[in-house]
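Asks: below are the sequence and a predicted model; questions follow.
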Amino acid sequence: MDRVQIFDTTLRDGEQSPGISLNAAEKLEIAQQLARLGVDVIEAGFPIASPGDFEAVQAIARGVDGPVIAGLARAHAADVEAAFGAVRDSQRPRIHTFISTSDIHITHQLMATREDVKAQARAAVAHARSFVEDVEFSPMDATRADLDFTAEVCAIAIEEGATVVNIPDTVGYTTPEEYAAFLRGLYERVPALAGVTLSVHCHDDLGLAVANSYAGVQVGARQVECAINGIGERAGNAALEEVVMLLATRGDVAGVTTGVNTREIARTSRLVSRLTGYPVQPNKAVVGRNAFAHESGIHQDGVLKERSTYEIMDATTVGLEGNDIVLGKHSGRHALRQALEELGFTVTGAALNTAFQRFKEIADKKKQVTAMDLEALVTDELREEMATFALEWFDVEASSRRPPHATVAVTTPEGETVEGSFTGDGPVDAIFHAINTATGVDARLREFRVDAVTGGQDALGEVSVVLELEGQSASGQGVATDILEAAGRAYVRALSNAVRKVRAAEAGADPRAADAAVTPTP
Ligand code: KIV
Ligand code: ZN
């Protein structure tokens, strides 16, 4: 079977989703997981956009082996040079350059002419080819553009050495039949297209991103651009997990395969959700909490008798077996280490002791410690190591008759223990303000979210907060069986990140590069 290349744009188009702002360390953590997932190309960012973006792409190019590492560039010499600077240390660098071919964009956004677009596309691809052998070209908004003109621009790009031609449905406007016809039209008009890789890049504004991408594959596209959990501009990009599982499950009609290790899908989805703060809807295809759950009696009955009655995929195939019991209260250090290794974490020495201590605390409160619990717990410990402030303890007096009052003790970056108290509107508010009082840092809460790591009454809670300090916003996460404890941990970690960013900004450095995140596996 033919192989379709999976081009992951979680860190570029995905990162352009409203409200997402990943720091360099978080991007590296995601890129490492994408490499484990087995994607073919990682679009690591848009290097000209900011020094932070440049550094993140460079760190990925230097630190992630396996996939091609691509940097995005408008069809401008400076963009192409920045993209090259960022990806040049990768073993397999790619420059992805783009310019719009639709008249709407040419007239209203570029304020240029079709002739200008042709000249810019030619120059950008030629410039990129002078640096790297692997160059991708995208005629932006192609699906609303004139087919003949787009074909002319693609032919120019190929003439100048483009190795991949990507046809974006930038505003998610096309339909499967129309998109397939457009791509066929390009093949007819540009004979050289048969000699390069045709790629599809579809947005989900009308909910057709995966269907359109599949239509593209059916007419010859051999690269699909997609993002984990379908994140991306506006309604997002085609969801990687859906594209991959569609091709894996319906290989009989698709006739193509991917190189993705599907068992890493669920973990990658959870990591991206955790770091971006974008929850995965429960009924989301492939990775939603309910994607393999059966509620109706008839369905449950059928699945118990024979799984294939109502399931077209096996949850273990996508790594969604995290709710299996892996350890219990009496499990020892060795069992914990083995379980962590199976999850991809190598934890030894002092880190193993700390993980074991946390595991025991949790196992005392929770009957069954699952793989997902362990993953959340270890990630939480690693976050603790990165944080400069740490929550030592907290007390909350809460009642329906009086406003809640909290007292906290926090360890400062200097190793001092400081205490603070506050009477707030609710227990979480009281804890957060008490932390501000203790540390003398006047941060403002912007976002607060609680999720359960697994199902069940004794589930671990995961809290994400975003706060703002002197114009810098920073996020933090915390995990515990007690939501208030998780909230306190998340807040002090966000505070650590915020203070680091403020100091970096004062020192004239790029604050985004000063954010901290964890890299769970070596
Ligand atoms: O949607 C789009 O057109 C893009 C291009 C930069 C490929 O993201
Ligand atoms: Zn896009």
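Replies: That came through fine. Ligands and ions are numbered 1, 2, ... in the order given.

Asks: ok, and the closest non-adjacent residue to the residue in the stretch 251-400 of the chain positioned nearest to ligand 1?
Replies: Going by C-beta to the nearest ligand atom, ligand 1 is nearest to Thr276 of the stretch 251-400 of the chain, at 17.3 Å. Yep, even glycine has a C-beta here, placed from its N, CA and C like the rest. If the residues on either side of it in the chain are set aside, Thr276 comes closest to Ile20, at 4.7 Å by C-beta to C-beta, 6 or more residues apart in numbering.

Asks: ok, now how distant is that neighbour from His405?
Replies: 36 Å (C-beta to C-beta, to the nearest Å).

Asks: Leu304 now?
Replies: In terms of C-beta to C-beta, Leu304 sits 51 Å off from His405.

Asks: ok, these two, which is more surrounded?
Replies: Taking neighbours as other C-beta atoms under 10 Å, Leu304 and His405 compare with His405 leading, 17 against 10.

Asks: how about the more buried one, what does it touch?
Replies: Taking C-beta atoms under 8 Å, 6 or more residues apart in numbering as the contact definition, His405 lies against 396-397, 421-424, 430.

Asks: out of those, which sit inside helices?
Replies: Cross-referencing those against helices under DSSP state H gives Ala430.

Asks: would CSV of the contacts of His405 with pLDDT be doable?
Replies: Formatted as CSV, the contacts of His405 follow (pLDDT from 0 to 100):
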residue, pLDDT
Val396, 96
Glu397, 95
Ser421, 98
Phe422, 97
Thr423, 97
Gly424, 95
Ala430, 97
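
Asks: tell me which of the contacts of His405 fall in strands.
Replies: 396-397, 421-423 (DSSP state E).

Asks: just flag the most distant two among those.
Replies: Spanning the widest gap among the ones in strands among the contacts of His405 are Glu397 and Phe422, at 11.5 Å by C-beta to C-beta.

Asks: who has more neighbours, the two?
Replies: With neighbours defined as other C-beta under 10 Å, Glu397 and Phe422 compare such that Phe422 has more, 20 against 13.

Asks: in stretch 250-263, what's buried?
Replies: Of all the residues in stretch 250-263, those buried under the rule 16 or more other C-beta atoms under 10 Å are 254, 256, 258, 260, 262-263.

Asks: tell me how the chain divides into domains.
Replies: 5-276, 292-320, 325-384, 387-507 (automatic domain parsing).

Asks: joint contacts of Glu397 and Phe422?
Replies: Joint contacts of Glu397 and Phe422 (C-beta under 8 Å, 6+ apart) are 405-406.

Asks: can you give me the strands in the stretch 401-522 of the chain?
Replies: Applying DSSP state E, counting those that start in this stretch to the stretch 401-522 of the chain gives strands spanning 405-411, 417-423, 444-452, 461-469, 472-480.

Asks: turn those into CSV, columns for distance to Ala291.
Replies: Below are these laid out as CSV (distance: least, C-beta to C-beta, whole Å):
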stretch, distance to Ala291
strand 405-411, 39
strand 417-423, 42
strand 444-452, 16
strand 461-469, 19
strand 472-480, 23
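
Asks: stretch 206-222: end-to-end distance?
Replies: 23 Å (C-alpha to C-alpha, to the nearest Å).

Asks: now that stretch: mean pLDDT?
Replies: Mean per-residue pLDDT for stretch 206-222: 98.

Asks: quick one: contacts for Thr197?
Replies: Neighbouring residues of Thr197 by C-beta under 8 Å, 6+ apart: 5, 163-165, 222-223.

Asks: cutoff 7 Å now
Replies: 5, 163-164, 222-223 (C-beta atoms under 7 Å, 6 or more residues apart in numbering).

Asks: now, these that are in strands?
Replies: Going by DSSP E, the strands hold 5, 164, 223 from the contacts of Thr197.

Asks: out of those residues, which touch ligand 1?
Replies: Applying C-beta under 6 Å from any ligand atom, the subset of the ones in strands among the contacts of Thr197 adjacent to ligand 1 is empty.

Asks: dump those to JSON lines, plus neighbour count and distance to Asp40.
Replies: Below are the ones in strands among the contacts of Thr197 laid out as JSON lines (neighbours: other C-beta atoms under 10 Å; distance: C-beta to C-beta, whole Å):
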{"residue": "Gln5", "neighbour count": "19", "distance to Asp40": "4"}
{"residue": "Val164", "neighbour count": "24", "distance to Asp40": "11"}
{"residue": "Gln223", "neighbour count": "21", "distance to Asp40": "8"}
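
Asks: let me know the closest of those residues to Thr346.
Replies: Using C-beta to C-beta, Gln5 is the member of the ones in strands among the contacts of Thr197 that lies nearest Thr346, at 29.9 Å.

Asks: does that closest one have beta-bridge partners, and which?
Replies: On the basis of DSSP bridges, Gln5 is bridged to Gln223.

Asks: so what's the residue count around Glu506?
Replies: The number of residues near Glu506, taken as other C-beta under 10 Å, comes to 10.

Asks: swap in Asp2?
Replies: Neighbour tally, Asp2, other C-beta under 10 Å: 10.

Asks: need the contact list for it.
Replies: With C-beta under 7 Å, 6+ apart, Asp2 has these contacts: 222, 255-256.

Asks: make it 10 Å
Replies: 217, 220, 222, 254-257 (C-beta atoms under 10 Å, 6 or more residues apart in numbering).

Asks: and the pLDDT for the closest residue to Ser421 other than its chain neighbours?
Replies: Leaving aside its sequence neighbours, Ser421 sits nearest to Thr407 (C-beta to C-beta, 6+ apart; 4.4 Å). As predicted, Thr407 sits at a pLDDT of 98.

Asks: Thr407 pairs with what?
Replies: Asp395, Ser421.

Asks: low-confidence stretches in the stretch 251-400 of the chain?
Replies: 321-325, 344 (pLDDT under 70).

Asks: now the helices for it?
Replies: Assigned by DSSP state H, counting those that start in this stretch, the helices in the stretch 251-400 of the chain fall at 251-254, 265-276, 297-305, 333-342, 349-365, 371-386.

Asks: helices and strands around the shortest one, which ones?
Replies: What it means is helix 251-254. In this structure, helix 251-254 makes packing contacts with helix 209-218, helix 240-249, judged by 3 or more C-beta pairs under 10 Å, 6 or more residues apart in numbering; DSSP states H and E.

Asks: who does the last one touch, helix- and strand-wise?
Replies: Same thing as helix 240-249. If you count contacts as 3+ C-beta pairs under 10 Å, 6+ apart, helix 240-249 packs onto strand 5-8, helix 24-37, helix 209-218, strand 223-226, helix 251-254, strand 256-257, helix 265-276.

Asks: what about the residue nearest to Ser421, how many residues nearby?
Replies: Using other C-beta under 10 Å: Thr407 sits among 18 other residues.

Asks: that one touches Ala438, doesn't it?
Replies: Yes: Thr407 lies in contact with Ala438 (C-beta atoms under 10 Å); the separation is 8.8 Å.

Asks: any residues in contact with both of the two?
Replies: Joint contacts of Thr407 and Ala438 (C-beta under 10 Å, 6+ apart) are 419-422.

Asks: buried residues in the top helix by length along the chain?
Replies: Of all the segments of type helix in the chain, defined by DSSP H, the longest one is helix 483-506. Burial within helix 483-506, assessed by neighbour count using 16+ other C-beta under 10 Å, is assigned to 483-502, 504-505.

Asks: stretch 11-27 too?
Replies: 11-17, 20-27.

Asks: now do stretch 330-347
Replies: Buried-residue list, stretch 330-347, by 16+ other C-beta under 10 Å: 331, 336-337, 339-340, 343-345, 347.
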